[in-house]
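J.: I'll drop the sequence and a predicted model, then ask my questions.
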Amino acid sequence: MTAPLTDTLRSAIWAILNDLDLEGLVGTSAEIHLERPANLDHGDFSSNAALTLAKRNDRIPRELAQEIADRLMSAGIDHLIGAEVAGPGFVNIRLANDWLTDLIEVVVDEGSEFGRSDLGEGQRVLVEFVSANPTGPLHAGHARGATYGDALARLLEFVGYEVGREFYINDRGVQMQTYAASLAARSAGEEPPEGGYVGQYIRDWAALMSEGEDPLEWGYAHARAEQQRVLRALNVHFDSWFSEREMIASGAIERTLADLRERGVVDDADGAVWLRSTDYGDDKDRVVVKSDGEYTYLLPDIAYHRDKFGRGWEHLIDVLGADHHGYVARMMAAVQSLGHDREDLEIVITQLVRLERDGQEVKISKRSGDLITMEDLISEVGPDAVRLTYLLQSVDSPQTIDLDLIVRQSNENPVFYVQMANARINSIGRVAEERGMTRLGISEADFSLLTHDRELDLLRTLGQFPDVVRVAARERAPHKITTWVRDLASAVHGFYHDCPILHPDTPEDLRQARWWLAESARIGLRSGLDLLGVSAPESM
RNA sequence: GCCCUCGUAGCUCAGUUGGAUAGAGCGACCGCCUCCUAAGCGGUAGGCCACAGGUUCGAUUCCUGUCGAGGGCACCA
């Protein structure tokens, strides 16, 4: 609905510009846009065409703008009721309200499909996230990657990608040995070895381990099961849990090394094997096989990415914490060394989470055992509040989580604000039933009665959803969905407050129109929350 | 020393490919329940968009530099 009209306006403007025989149309096409002004006084849409083109055509911006505005008005465009020059030379375009109210039927008709697109064209994308070592419980820091990765996957599916969610299990190596040794020591009533894990959870878990168990295997299975259980509780689901050990056992390392040699991207020097990653922009070449014959951590990671492509994934997204960012350049180089394009691998770095309590920073350290576990958070406020809190802001920014606040079930927590908006709409149906009131068919509603600012605001926000979804997906920014959901909730609250539906003073025909408007808002709210993986309870 | 991300209201943060008077929540203050959920709505106060240059009709946004915060720079994982 929104999109076709923007297309109409855009092509009408371009037709006018061509008619006016202006210079520089080709070179500036990207700079001429049709935008939605933040300020309603500036119309429903606005174009900067005159400003962009005036100088190189030796014209006065406002005069050129006036010419464009006049021609727009006589172009016979649907809904168009005004085009005027403003400011330095903007053309502000005004539309009749039915431009907005037409949206109601579209949303009701499309339902949960509203906002969906085929931006991804069915491309197969594998999102790898969390991938925490199986050496302890997931903590509050992991929750950021978990909620982000999951929301991103939902978003990409919604815009037409075929998406897989994978957890890479680092189930071998030094960390595992240290962890097993710490478990064994606690189990025997001793202190963990030098450099071992001293956290309380090691004591707790060791107590659960029966006599004669292999601490490494038992510890691995236990940590993995715990992580899976807690992720499920957060409503995060993976399609695959990929084991490093199994991959290595299958001979993937040897095959990868052979592949790299065949491609001529590795060199032998000083008794070691080096990946010439500087060929692809890395700072220095990287050792993949040490002079003692052992391979470095990098080689399994290369083999793992090779495996992902081998399984038919066309595009890979790795979600990593900021502490891994030094790894990006070499991995990008490695993937290109395997013959893939630079664009085939995308690494999203999430900045670190800082936890505060009483205004003081709470440090997270698995080794020392000072842990705020993910489970603690979920059990305090439930998965919805945890998810929405983490998905509130861009992963590019470091995030401060106030533990006192998230735990407090108050209006300071935005999840209540949003869910409340949904619950209020749903309550209309319940109350109507009690009072014996019924909603008639949508085709009988007269939406021209919707002229209240609150009603139009609600529609304006609702109409942005398809665009917001596209932008959020393109920028890998699910927090933009959160921002929109809050905006929509705000519009719903305002509408609910000022535009009563069931009240006896509300005329029946207006009641019907508002009722369907409320229904379209409910659909939008639900869709946004679904993308975030947050539930939409019908009552609170 | 080099690289990455960031610096916006007292606090936590938004800000669509550069647009007009920079927004929200919380906190502070003042109002609103004979009315579908007051976990709500409205209003007031609060800003040198870190700083300095540059690009142009126009910069919070793009470029360079400075300062500050966090993270990273191994034949460790």
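T.: Now that the structure is in, tell me what you want to look at. The structure displayed is predicted, hence computed values, not measured ones.

J.: go through the longest helix along chain A and flag the buried ones.
T.: Using DSSP state H to define each element, chain A has its longest helix at helix A:508-532. Within helix A:508-532, the residues scored as buried using 16 or more other C-beta atoms under 10 Å are A:510-529, A:531-532. For the C-beta atoms, the positions are set from N, CA and C on the backbone; glycine is no exception.

J.: checking the residue in chain A positioned nearest to RNA strand B next. Helix, strand or coil?
T.: Nearest residue of chain A to RNA strand B, counting by C-beta to the nearest atom of the strand: residue A:326, 1.9 Å away. Under DSSP: H, G, I helix; E, B strand; the rest coil, residue A:326 falls in the helix class.

J.: need the pLDDT of it.
T.: Predicted confidence (pLDDT) for residue A:326: 86.

J.: and residue A:410, by the same measure?
T.: For residue A:410, pLDDT reads 65.

J.: can you list the low-confidence ranges for chain A?
T.: A:1-4, A:365-370, A:408-411 (pLDDT under 70).

J.: so what are the domain limits for it?
T.: Structural domains annotated on chain A: A:2-96, A:129-246+A:351-407, A:414-532, as defined by automatic domain parsing.

J.: disregarding residues adjacent in the polypeptide, which is nearest to the residue nearest the centre of chain A?
T.: The centroid of chain A falls nearest to residue A:478 when counting by C-alpha atoms, centre = their mean (2.1 Å). Spatial nearest neighbour of residue A:478, chain neighbours left out: residue A:151 (3.8 Å); criterion: C-beta to C-beta, 6 or more residues apart in numbering.

J.: got the angle for the helix or strand harbouring that neighbour vs helix A:508-532?
T.: Assigned by DSSP states H and E, residue A:151 falls within helix A:142-158. Counting by axes from the mean of the first three to the mean of the last three C-alpha atoms, to 10 degrees, helix A:142-158 lies at 120 degrees to helix A:508-532.

J.: ok, back up a step: quick one, what contacts the residue nearest to residue A:478?
T.: Residue A:151 sits next to A:387, A:391, A:478, A:481, A:531, A:532, A:533 when contact means C-beta atoms under 8 Å, 6 or more residues apart in numbering.

J.: same check, this time on residue A:521
T.: Per C-beta under 8 Å, 6+ apart, neighbours of residue A:521: A:425, A:458, A:462, A:488, A:491, A:492, A:495.

J.: any idea how far residue A:530 is from it?
T.: Separation of residue A:521 from residue A:530 (C-beta to C-beta, to the nearest Å) stands at 15 Å.

J.: in this structure residue A:91 contacts residue A:46, no?
T.: Yes - counting by C-beta atoms under 8 Å, residue A:91 touches residue A:46, with 6.8 Å between them.

J.: can you get me a residue count around residue A:486?
T.: Residues within reach of residue A:486, counting by other C-beta atoms under 10 Å, total 17.

J.: flag every buried residue along the strand or helix carrying residue A:65.
T.: Using DSSP H and E, the element containing residue A:65 is helix A:61-73. Under the neighbour-count criterion of 16+ other C-beta under 10 Å, helix A:61-73 has A:61, A:62, A:64, A:65, A:66, A:67, A:68, A:69, A:71, A:72 buried.

J.: among those, which are in reach of RNA strand B?
T.: Filtering those for proximity to RNA strand B by C-beta under 7 Å from any atom of the strand leaves residue A:61.

J.: good, we can wrap up now.
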